[in-house]
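**Student:** need a structure here:
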Amino acid sequence: MILELEEIRWDGLFPPSPNGVELKHFAGLHAGKSILVSGAGGSIGTALVRAVAKLTPSQLVLVDSSEQNLFSIHKYLSSQSTDHIPVLASVVDELCIRDLFVRFRPQIVYHCAALKHVTLVETNSFAVVENNIFGTLMVAELAHEFGAERLVMVFTDKSVNPESIMGASKRVAEVVLQPRASAQGRMTSIRLGNVLGSEGSVVPLFLQQVAQGGPAAVTDSQVERYFLTMDSTLLRVLASAADCPAHPAIAIPVLNKPVKITDLARHVIDQASAKDIQITYIGLRPRDKLREEFVAPGEAVSNETANLLQGVRGQDASASQIAQGAAELRKEVENRDLARLLTVLVDLVPEYCPSGCLRKQLGAAVS
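**Tutor:** Prediction:
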């Protein structure tokens, strides 16, 4: 049996959508507003755009650096006769992104453009710093400059006690929002965990392996993750915009217990009626964790909201500290100095320890 993602029943395995919360509850925040979505062609970006389009914004500006991804969401919205502006650009293209803020004056910004594949970006350090840190910094500065009412950064997971340079870049990206948040221009980021069906999710991989006759490959028998369905994710992202506080904060979803990846693989195999499929264990990849973390030591967690979100606050960084750190990172990216780049990252994120993979790259550069 060939099973599609949409056919899988998740009853009892994952937390439900927020009780009583529906898409229509966020119409008042979005109706008649100019909305900009970066990373609009990615899996979460696409789902978010489809949802926001139903809330009757005055303008819907879509930014993505992938031509194919942007074309796909553009084609869909066109088939629905939904007015939108597709823009093929990277979030680090300052001239282009500034022009979009000048022309369209977005009132709500959903920043989803991120590099997120751990093993790939571990060998592309400069690219992940440019996209995840500098791209976020520029979008935040422009949102502040042009008076956006809300900015929500959707960077999913791995920013807490980061094991990878991708996680470290996401942690810095969270920090750069802090000095720009205010009652007039609220900014927050949301740590989502794993989103079923998103790019990089393990479920499509399991489905592919089952369709090929197995085995289903799991890294470790004890590895576990928190999961959200895409519908639940969208409601929480929209809720984070609605609940966005006037002070710097990070939103995390209220979740049930984490799910062992082995149990997830068995669930997919059972749903596919493929009892002969075996599960094999291939070992953790470099910088993988057995368990996810949503709150770092020293961070305080607020009471949950009606939208099943909690706020997280840590030690605030000053605007001068962030500006100095960003300037140093930019200098090392321009110089292509990996050693200094990692030193600056560790200064900004002291709990981050560069991987053996990165240290090998340093050794290769020296030799």
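**Student:** thinking residue 178 is in contact with residue 248, fair?
**Tutor:** Yes: in this structure, residue 178 is within contact of residue 248 by C-beta atoms under 8 Å, at 4.0 Å. For the C-beta atoms, the positions are set from N, CA and C on the backbone; glycine is no exception.
**Student:** find the residues that touch each one of these two.
**Tutor:** Here residue 178 and residue 248 have residue 316 as joint contacts, going by C-beta atoms under 8 Å, 6 or more residues apart in numbering.
**Student:** just say helix, strand or coil for residue 329.
**Tutor:** Recorded secondary structure, residue 329: helix (DSSP: H, G, I helix; E, B strand; the rest coil).
**Student:** so for it, what's the pLDDT?
**Tutor:** Looking at residue 329, its pLDDT stands at 96.
**Student:** just give me the neighbour total for it.
**Tutor:** Residue crowding around residue 329 was assessed by other C-beta atoms under 10 Å; the count is 24.
**Student:** ok, now residue 103?
**Tutor:** Counted with other C-beta under 10 Å, residue 103 comes out at 12.
**Student:** element containing it, please.
**Tutor:** Residue 103 belongs to helix 94-104 when assigned by DSSP states H and E.
**Student:** what lies in contact with that helix?
**Tutor:** Counting by C-beta under 8 Å, 6+ apart, 34, 36, 59, 61, 63, 85, 87, 89, 91, 106, 138-139, 142-143, 145-146 sit against helix 94-104.
**Student:** and what of stretch 265-283?
**Tutor:** 1-3, 7-9, 13, 203, 206-207, 209-210, 213-221, 262.
**Student:** rerun at 10 Å
**Tutor:** 1-5, 7-10, 12-14, 202-207, 209-223, 259-262 (C-beta atoms under 10 Å, 6 or more residues apart in numbering).
**Student:** for the residue nearest in space to the middle of the chain, what are its contacts?
**Tutor:** Among the residues of the chain, the one closest to the centroid is residue 155, at 2.2 Å (C-alpha atoms, centre = their mean). By C-beta under 10 Å, 6+ apart, the contact list for residue 155 reads 39, 111-114, 116, 132, 136, 166-167, 169-171, 173-174, 189-192, 250.
**Student:** then residue 75?
**Tutor:** Contacts of residue 75 (C-beta under 10 Å, 6+ apart): residue 86.
**Student:** for residue 104, see how far away it is.
**Tutor:** Remark: distance between residue 75 and residue 104 (C-beta to C-beta, to the nearest Å) = 21 Å.
**Student:** same thing with residue 184?
**Tutor:** Taken as C-beta to C-beta, the span from residue 184 to residue 104 is 19 Å.
**Student:** out of the two, name the residue with the larger neighbour count.
**Tutor:** More neighbours surround residue 104 than the other of residue 184 and residue 104, with 18 against 10 (other C-beta under 10 Å).
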